[in-house]
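S.K.: Return atomic coordinates for the entry below.
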Amino acid sequence: MKKLLFTVAIGLGLLTQSCQKETITTNPNLAKVGDKYLDGYVVSTYSDGHGVIAKKVSGSTNWYSCGTLASGEWRVPSSSELYYMLDNMTLRSKMNISYGYYWSADENSSTNAKAIYIEQGGEPRTQTHDKPKTNNYGLYIFKNY
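M.R.: Next up, the predicted model:
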């Protein structure tokens, strides 16, 4: 009987599972910022049960390659979306975000785009910088659900 109830709970999306620092949920209406959901982490939620998830692309890339890496339903976030995620200490901890530069979708010119920088150590400071598109930085991609 327990196995049947567990299976039904999973099928209905009613099960929320806690694993050390992360919560994995199967129901978008139960997802909270910082939860693992689908193939990313919830970075924002809306009252209608929808929201945005983010995941890190492995390695580093130049700005020109970002669009290729964010294909299908995935997209490169705006600098304000990325800033919000990187400046949120709960998300930074749960997503294991490290210091360095990360690309945003925002262009400043034909040769420069906005990259967000997280400083190492001390008080967390997130800053937006104008950087050459040929530089290689980290990339987080976003998807609406």
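S.K.: Which residues in stretch 68-81 does the neighbour count mark as buried?
M.R.: 70, 74-77, 79, 81 (16 or more other CB atoms under 10 Å). Where you see a C-beta, it was placed from the backbone N, CA and C, and this is true even at glycine.
S.K.: and that stretch, how far out from the chain's middle?
M.R.: 10 Å (CA atoms, centre = their mean, to the nearest Å).
S.K.: for it, how far is the first residue from the last?
M.R.: 19 Å (CA to CA, to the nearest Å).
S.K.: mean confidence for that stretch?
M.R.: Mean per-residue pLDDT for stretch 68-81: 94.
S.K.: Which residues does that stretch contact?
M.R.: Contact partners of stretch 68-81, identified using CB atoms under 8 Å, 6 or more residues apart in numbering, comprise 43-44, 52, 54, 57, 61, 66-67, 85, 103-106, 114, 116, 128, 139-144.
S.K.: ok, now stretch 92-110?
M.R.: 21-22, 34, 41, 54, 56, 61, 63, 66, 75-79, 81-83, 86, 91, 113-121, 124, 128-131, 133, 135, 137-140.
S.K.: Using neighbour counts, pick out the buried residues of that stretch.
M.R.: Quick answer for stretch 92-110 (16+ other CB under 10 Å): 92, 94-95, 97, 101-106.
S.K.: Now do residue 86 against residue 100, distance only.
M.R.: Distance of residue 86 to residue 100, given as CB to CB, to the nearest Å: 10 Å.
S.K.: Give me the distance from stretch 75-88 to the chain's centre.
M.R.: For stretch 75-88, the distance to the chain centre is 8 Å (CA atoms, centre = their mean).
S.K.: my guess is residue 141 contacts residue 61, does it?
M.R.: No. Using CB atoms under 8 Å as the test, residue 141 is too far from residue 61 to be in contact (10.7 Å).
S.K.: ok, the two, which is more surrounded?
M.R.: residue 141 (22 against 17; other CB atoms under 10 Å).
S.K.: Tell me how far that one lies from residue 29.
M.R.: 24 Å.
S.K.: Tell me which helix or strand the residue lying closest to residue 56 once chain neighbours are set aside sits in.
M.R.: For residue 56, ignoring the flanking residues on the chain, the nearest one in space by CB to CB, 6 or more residues apart in numbering is residue 140 at 5.4 Å. In this structure, residue 140 is located in strand 137-144 according to DSSP states H and E.
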